[in-house]
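Chemist: Quick one: sequence plus predicted model below, questions after.
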Amino acid sequence: MPNPLPKPDPNPRSASGLHDLLKAYVDEGKVPGAVGLVARGDTVEVRAVGTVDVEGSAPMARDSIFRIASISKPITAAAVMMLIEDGEIASDDPVDTWLPELAKPMVVRTPSSPVEDVVPAARPLTVADLLSSRAGWGFPSDFTLPQVQALFEVQKDGREPQGFPAPDAWLADLSRIPLLYQPGEAWLYGTCSDLQGVLVSRVTGRSLPEFLAERIFEPLGMTDTAFEVPAAKRDRFTSSYRTAPDGHGLELADAPDGQWSRVPPFPSGGGGLVSTADDWLAFARLLLAGGTTAEGHRLLSRASVRQMTTNHLTRPQREIGALFMEGQGWGYGAQVDIAPTDPWNVPGRYGWSGGTGTTGHLVPATGTVTLLLTQVAMENPTPTPLMRDFWRRTAQ
């Protein structure tokens, strides 16, 4: 059953502040529209500003559907944790039991070595390596490394899901790229979440969309979260944009009848979902409640939620991917704040940002959820000014 409608925010000054922030960016033409959400316990403030496209064909609404990109990652990690709880897999299991393409991987001799200069991996890749994003594939801060350049040919842009081959072909291509670091040695961004999605499908014998729908979306009432948007819902589906090449204005990246009009060959666990503000809030509240739904049904154990929302990285591991995490840590599927370097960095805060212009976080200590959905893509791995202003405003 869907979660009951939350109480509106009784503080008009708070609501006005969020509305004014979003409206300023809309008025400047930085984004056509946006949906901002701040939930504190049962009280939820939601502001929908602007329009679903640059033409202004419809106003932005609370139930507008967005490509949520990498804030899909925590959902995929939760699916893997469910399989661990089911006894289907264990965190220390070698993944080559289900992903034989990844058996006996090779590793470049040093991160700067040519991709032909390799040594055998010191040990097999494990489920825990995938969950913590320390399997050896993924992106560090330095994109110029030869292995990283080779990985770009395989690790496609999740904002164009129809560009991926089917999982078996993708995995075969990935297996020909050596690891950048030994298993467990370094945090690298991106690839491990897609590997988690393939692992879920191989272990269960079902597609990732089917498993997520049955085990997460349906129990939480996340009726608009999926890897495609059917025709009946496309009037609520926002158009997606990127900054024009000259740096001025926006150009269309994807229309409602484009990349998400059908299930892609590769349903990306790293960033392929669409969703709404209330759907993602339902998932965040599951984690805040220690794995139970609003109706009291347990989907995850408290121990699993704790593992997801706890930093698993050492300082040297964090430094390798500092471009992405800005000094913070990583749990399973999302960043975990460990130091109050900015006003919004609360130790224990868990969440991430998506390349299509989304960002979602929860703070277990305060029971707060913050979510910003826009339809303008990030230009690089660093958060946008709007994201930072949103975090600053919601931290007050």
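Modeler: Looks like it arrived, so ask away.
Chemist: Only C-alpha atoms from now on, for both contacts and neighbour counts.
Modeler: Will do.
Chemist: residues touching the closest residue to E228 other than its chain neighbours, list them.
Modeler: Distances taken as CA to CA, 6 or more residues apart in numbering place W260 nearest to E228, at 4.7 Å, with adjacent residues excluded. The contact partners of W260, by CA atoms under 8 Å, 6 or more residues apart in numbering, come to 161, 227-229.
Chemist: Output these in CSV; the columns should cover neighbour count, secondary structure and pLDDT.
Modeler: Compiled in CSV, these are given as follows (neighbours: other CA atoms under 10 Å; DSSP: H, G, I helix; E, B strand; the rest coil; pLDDT from 0 to 100):
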residue, neighbour count, secondary structure, pLDDT
P161, 21, helix, 88
F227, 25, coil, 98
E228, 21, coil, 98
V229, 27, coil, 98
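Chemist: From F211, how far out is V127?
Modeler: Going from V127 to F211 by CA to CA, to the nearest Å gives 18 Å.
Chemist: quick one: which of those two has more around it?
Modeler: Taking other CA atoms under 10 Å, V127 and F211 do not tie; V127 has more neighbours (24 against 17).
Chemist: got a list of what that one touches?
Modeler: Contacts of V127 by CA under 8 Å, 6+ apart are 90-95.
Chemist: one more time with 7 Å
Modeler: Shown in contact with V127 (CA atoms under 7 Å, 6 or more residues apart in numbering): 91-95.
Chemist: now T309
Modeler: So T309 contacts 331-332, 336, 350 (CA under 7 Å, 6+ apart).
Chemist: Got the confidence number for it?
Modeler: Looking at T309, its pLDDT is 98.
Chemist: That one and L37: what is the separation?
Modeler: Distance from T309 to L37, by CA to CA: 21 Å.
Chemist: Excluding covalently adjacent residues, which one is nearest to G290?
Modeler: According to CA to CA, 6+ apart, the nearest residue to G290 is R302 (4.7 Å).
Chemist: ok, now I89?
Modeler: L83 (6.1 Å).
Chemist: Give me the neighbour count for that neighbour.
Modeler: 16.
Chemist: just checking, it is part of a helix?
Modeler: Yes - assessed by DSSP: H, G, I helix; E, B strand; the rest coil, L83 belongs to a helix.
Chemist: At which residues are the helices of this structure located?
Modeler: 12-27, 73-85, 127-131, 146-152, 167-175, 191-204, 208-212, 218-220, 277-288, 302-308, 315-320, 322-325, 385-395 (DSSP state H).
Chemist: isn't S175 right next to P100, touching?
Modeler: No - using CA atoms under 7 Å, S175 is not in contact with P100; the gap is 9.6 Å.
Chemist: who has more neighbours, those two?
Modeler: Of the pair S175 and P100, S175 is the one with more neighbours under other CA under 10 Å, namely 20 against 13.
Chemist: Same list, the helices of the chain, but as a markdown table with distance to A255 please.
Modeler: Output for the helices of the chain, formatted as a markdown table (distance: least, CA to CA, whole Å):
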| stretch | distance to A255 |
| --- | --- |
| helix 12-27 | 19 |
| helix 73-85 | 23 |
| helix 127-131 | 32 |
| helix 146-152 | 25 |
| helix 167-175 | 25 |
| helix 191-204 | 24 |
| helix 208-212 | 22 |
| helix 218-220 | 27 |
| helix 277-288 | 20 |
| helix 302-308 | 34 |
| helix 315-320 | 36 |
| helix 322-325 | 28 |
| helix 385-395 | 23 |
